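In: need coordinates for the following:
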Amino acid sequence: MKILIDNGHGANTPGKCSPDFKLREYAWARQVAKLLYQRAEAAGLEPVLITPEYTDISLRERCRRVNELCDRYGADNCLLISLHLNAAGADGKWHTSRGFSSWVARNASAKSKLLARLLWENADMAGLRGNRSVPPEHYLTANFAICRGTKCAAVLTENLFQDNPEDVAFLLSDEGKECIADVHLASILSYINIVK
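Out: This is a model prediction of the structure:
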């Protein structure tokens, strides 16, 4: 199984940081993507970093890279995780929203929804629920291009809030990065056991 890992935004993407600038989404996503890559490889999977660059790669190009691998290996032999951080506001201020969420496209396949549910459930077991209500499906839907425009099971994860001080402290810690990488790996392994 090809585990396609998208690090989200690049160093040149405006904003995408904590109000105190200590947490930068592009750097955090690359650190967690590297941990997930290493853990997936150690588990006998075949991880691929879709966006190894540090600059922002367009959504069109990221989708093209994913779909090229889906065409080569078969969409059923690939899954995509796009790593992101959430924000309650775009005002440079601290907010109170906390927690993990997983997102699929409005036209999502049953496999995408399964992977999204597993991600949320593992995040919940790891104590990352946060303080917001969660729909009964345990995932949310949006028109995210990286999920909508790719051929394989695809989920975008919002891994806590970059404008909540408690979430930021956890995200910056080694424990936090390892926890989130482990949540993703456990979900991927469960998904593979179910669909194969």
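In: where along the protein do the strands fall?
Out: Counting by DSSP state E, the chain has strands at residues 2-6, 46-49, 78-86, 100-105, 140-142, 153-161.
In: in JSON lines: these, plus mean pLDDT and distance to residue 39.
Out: C-beta here means a position set from N, CA and C on the backbone, and glycine is covered the same way. Shown next, in JSON lines, are those (pLDDT from 0 to 100; distance: least, CB to CB, whole Å):
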{"stretch": "strand 2-6", "mean pLDDT": "98", "distance to residue 39": "10"}
{"stretch": "strand 46-49", "mean pLDDT": "98", "distance to residue 39": "9"}
{"stretch": "strand 78-86", "mean pLDDT": "98", "distance to residue 39": "12"}
{"stretch": "strand 100-105", "mean pLDDT": "97", "distance to residue 39": "18"}
{"stretch": "strand 140-142", "mean pLDDT": "97", "distance to residue 39": "25"}
{"stretch": "strand 153-161", "mean pLDDT": "98", "distance to residue 39": "15"}
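In: looking at those strands, which is nearest to residue 195?
Out: Set against residue 195 and scored by CB to CB, the strands of the chain come closest in strand 153-161, at 8.2 Å.
In: name the strands paired with the closest one and say parallel or antiparallel.
Out: strand 78-86 (parallel), strand 100-105 (antiparallel) (DSSP bridges).
In: residue 152 is nearest to which of these?
Out: For residue 152, the closest of those is strand 78-86, at 4.0 Å, according to CB to CB.
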